[in-house]
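>>> sequence first, then the predicted structure, then my questions.
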Amino acid sequence: EVNCAAIPSELIESELFGHVKGSFTGAVKDKTGKFEAANSGTIFLDEVGDMSLSAQAKVLRVLQDNCIQKVGGGKDIKIDVRVIAATNKDLKNEIEKGKFREDLFHRLAVIIINVPSLNKRRDDIPLLISHFSDNISRSQGADVKKFSKSAIKLLKSMDWTGNVRQLRNVVERLLILGDEKEISEKNVKQFAK
């Protein structure tokens, strides 16, 4: 998994393709990149719409030629990688603005899965609340708290501009600050806004 938005543009090529020792200041040893590490498997490029045009060109080459070249290296390395990419941006709009390569879009857009916002799929909210509550409680070594029907109804009616990440944060806040055994509608009104 690579979060393309979290890696500075000057480092993304090294992160994706690796580098050889001495290729730039700080390259004190050879490094395997994410594409090479994912050989015979899958790489997930999250927030691919935030990748620089230079890095996009190199990713396009990987997809066309099935090989990479490490930063500072002159040797092609054959790879066999399935690529899954995600973005919160409208890539067709980004293409029009000159911020995303159209040829890369068509290489990545073999199968497009459009995930509607959480506000458009409110029936998923109870399942997500249960999932997050279980995971957060387990990670904190705490008992799983139940959410009352009225609390869930109120959470379903809220505006989720931050989508699933926002819901997860609200569930965690409610688990920490809410009543001991059951998260109530009162807790939601008090802590979820």
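Looks like it came in fine.

>>> just list the residues touching the closest residue to K29 other than its chain neighbours, thanks.
Leaving aside its chain neighbours, K29 sits nearest to K21 (5.2 Å; criterion: Cβ to Cβ, 6 or more residues apart in numbering). Any C-beta I mention is one placed from the backbone N, CA and C, and that applies to glycine too. Each residue near K21 by Cβ atoms under 8 Å, 6 or more residues apart in numbering is listed here: A27, V28, K29, D30.

>>> okay, those residues in CSV with pLDDT and secondary structure next?
Below are the contacts of K21 laid out as CSV (pLDDT from 0 to 100; DSSP: H, G, I helix; E, B strand; the rest coil):
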residue, pLDDT, secondary structure
A27, 80, coil
V28, 83, coil
K29, 90, coil
D30, 88, coil
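
>>> determine which two of the residues you listed are furthest apart.
Between any two of the contacts of K21, the greatest separation by Cβ to Cβ is 9.5 Å, found for V28 and D30.

>>> who has more neighbours, those two?
Using other Cβ atoms under 10 Å as the criterion, V28 and D30 rank with D30 on top: 14 against 8.

>>> and the more buried one, how close does it get to K78?
Computed as Cβ to Cβ, to the nearest Å, the D30 to K78 distance reads 18 Å.

>>> check L16 too.
Counting by Cβ to Cβ - L16 and K78 are separated by 16 Å.

>>> pLDDT at I111, what is it?
Note on I111: pLDDT of 92.

>>> run a quick neighbour tally on it.
With other Cβ under 10 Å as criterion, I111 counts 6.

>>> still on that earlier bit, for the residue nearest to K29, give its distance to D30.
Counting by Cβ to Cβ, the gap from K21 to D30 is 5 Å.

>>> so between L16 and K78, which is more surrounded?
Using other Cβ under 10 Å, the more surrounded residue of L16 and K78 is L16, with 24 against 9.

>>> the more buried one: helix or strand, and which one exactly?
Taking DSSP states H and E as the criterion, L16 maps to helix 9-17.

>>> skip ahead from that helix and say which helix or strand is next.
Next element after helix 9-17 (DSSP H and E): strand 18-19.

>>> gap between that following strand and the chain center?
Distance, stretch centre to chain centre, for strand 18-19: 22 Å (Cα atoms, centre = their mean, to the nearest Å).

>>> again with stretch 47-54
Between the centre of stretch 47-54 and the centre of its chain there are 13 Å (Cα atoms, centre = their mean).
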